[in-house]
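Asks: Turn this into a model:
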Amino acid sequence: MDASVPPSAKAAAPRPTPPARENLWANLGCNIVIPSLLMTKGPHWFGLAPLSALVIALAFPFAYGVYDLWKRRIWNLFSIIGLGALLITGGIGLLQLQPKWVAVKDGAVPLVLGLIVVGSLATRRPLVQALLLNPTVIDVERVETALSARGGQAAFRALLRRATALVAASFLLHSALNYALARYLVKSPPGTPEFTAEIGRMTLLSWPMIILPSGVIMAVAMFYLLHGLKKLTGLELEDMFHEEAINPPKKQ
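Replies: Model (predicted):
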């Protein structure tokens with residue numbers, strides 16, 4: 001442990017309370033599985049019109065996102081992306097646009113996000129830093145103190161640029177896979193039951209075919225950033241995390 005950062009400093013410094021752990025199954029169910037089933041099977045199981053199936057499917061990621069924000073005080077990224085994607089897709093259906101625009105939309109959203117991540121490097125607080133160094137989990141104050149003590153700010157900025165390249169690569173992969181999957185699956189005219197079912201299948205398949213590979217790259221970026229910080233700060237990995245994040249308090 002770096003002698004310039006005494007153990008008492010970590011105990012004395014105020015730290016944010018880590019958010020409650022999210023239920024992964026509820027996340028997957030409300031943001032992917034249930035909306036997909038409603039759009040693919042809703043017309044057959046419940047006699048829903050395509051627009052009704054889409055509206056009800058939208059309600060699940062919206063409700064889950066609001067509930068998660070109330071419970072954990074964190075905006076749920078899966079709910080925001082899922083809700084936004086379904087809203088745009090619904091707009092394409094209502095406007096009766098050609099199916100190819102679904103692929104364009106699905107490819108453009110992660111591409112724009114990736115460009116925003118890269119562009120944020122020019123700001124005082126790059127998005128990658130906010131994404132990968134979550135202050136409710138990482139003791140950011142201690143990490144910054146150790147960096148200052150060792151004069152590692154310039155090296156950290158270079159490390160952040162390399163981590164940003166990895167995150168941008170994950171968005172680029174997400175964009176390409178989204179476009180390819182949409183072009184392959186969505187063939188029917190908007191507003192038809194077949195169109196709604198195809199969107200549902202695409203939403204369901206996006207998890208194993210798109211989100212998991214992109215998530216792996218994001219995990220590699222975080223691993224790379226943390227191990228780079230370990231060298232720059234002299235801190236062990238466990239010293240970078242809040243105690244509550246490593247050993248959450250047991251429920252009474």
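Asks: drop to CA atoms for contacts and neighbour counts, all remaining ones
Replies: OK.
Asks: Grab the nearest non-local neighbour of V117.
Replies: Closest residue in space to V117, ignoring its immediate chain neighbours: L127 at 5.7 Å, by C-alpha to C-alpha, 6 or more residues apart in numbering.
Asks: Mind telling me what element K231 is part of?
Replies: helix 212-233 (DSSP states H and E).
Asks: got the CA positions of that helix in PDB?
Replies: Taking Å, rounded to 0.1, in the frame of the first residue of the first chain, the C-alpha atoms of helix 212-233 are listed here in PDB:
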ATOM      1  CA  LEU A 212     -22.700 -10.200 -24.300                       C
ATOM      2  CA  PRO A 213     -19.800  -9.800 -26.800                       C
ATOM      3  CA  SER A 214     -19.900  -6.000 -26.300                       C
ATOM      4  CA  GLY A 215     -20.100  -6.500 -22.500                       C
ATOM      5  CA  VAL A 216     -17.000  -8.700 -22.700                       C
ATOM      6  CA  ILE A 217     -15.000  -5.900 -24.300                       C
ATOM      7  CA  MET A 218     -16.300  -3.400 -21.700                       C
ATOM      8  CA  ALA A 219     -15.100  -5.800 -19.000                       C
ATOM      9  CA  VAL A 220     -11.700  -6.100 -20.600                       C
ATOM     10  CA  ALA A 221     -11.500  -2.200 -20.700                       C
ATOM     11  CA  MET A 222     -12.300  -2.000 -17.000                       C
ATOM     12  CA  PHE A 223      -9.800  -4.700 -16.100                       C
ATOM     13  CA  TYR A 224      -7.200  -2.900 -18.200                       C
ATOM     14  CA  LEU A 225      -7.900   0.400 -16.500                       C
ATOM     15  CA  LEU A 226      -7.900  -0.900 -13.000                       C
ATOM     16  CA  HIS A 227      -4.600  -2.800 -13.500                       C
ATOM     17  CA  GLY A 228      -3.100   0.300 -15.100                       C
ATOM     18  CA  LEU A 229      -4.200   2.300 -12.000                       C
ATOM     19  CA  LYS A 230      -2.600  -0.300  -9.800                       C
ATOM     20  CA  LYS A 231       0.800   0.300 -11.400                       C
ATOM     21  CA  LEU A 232       0.400   4.100 -11.400                       C
ATOM     22  CA  THR A 233      -0.900   4.500  -7.800                       C
END
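Asks: buried sites along that helix?
Replies: Buried positions in helix 212-233, judged by neighbour count with 16 or more other C-alpha atoms under 10 Å: 213-214, 217-218, 221-222, 224-226, 228-230, 232-233.
Asks: follow-up on the earlier one: my understanding was that the residue nearest to V117 contacts L115; is that so?
Replies: No. Checked against C-alpha atoms under 8 Å, the pair L127 and L115 is beyond contact range at 11.0 Å.
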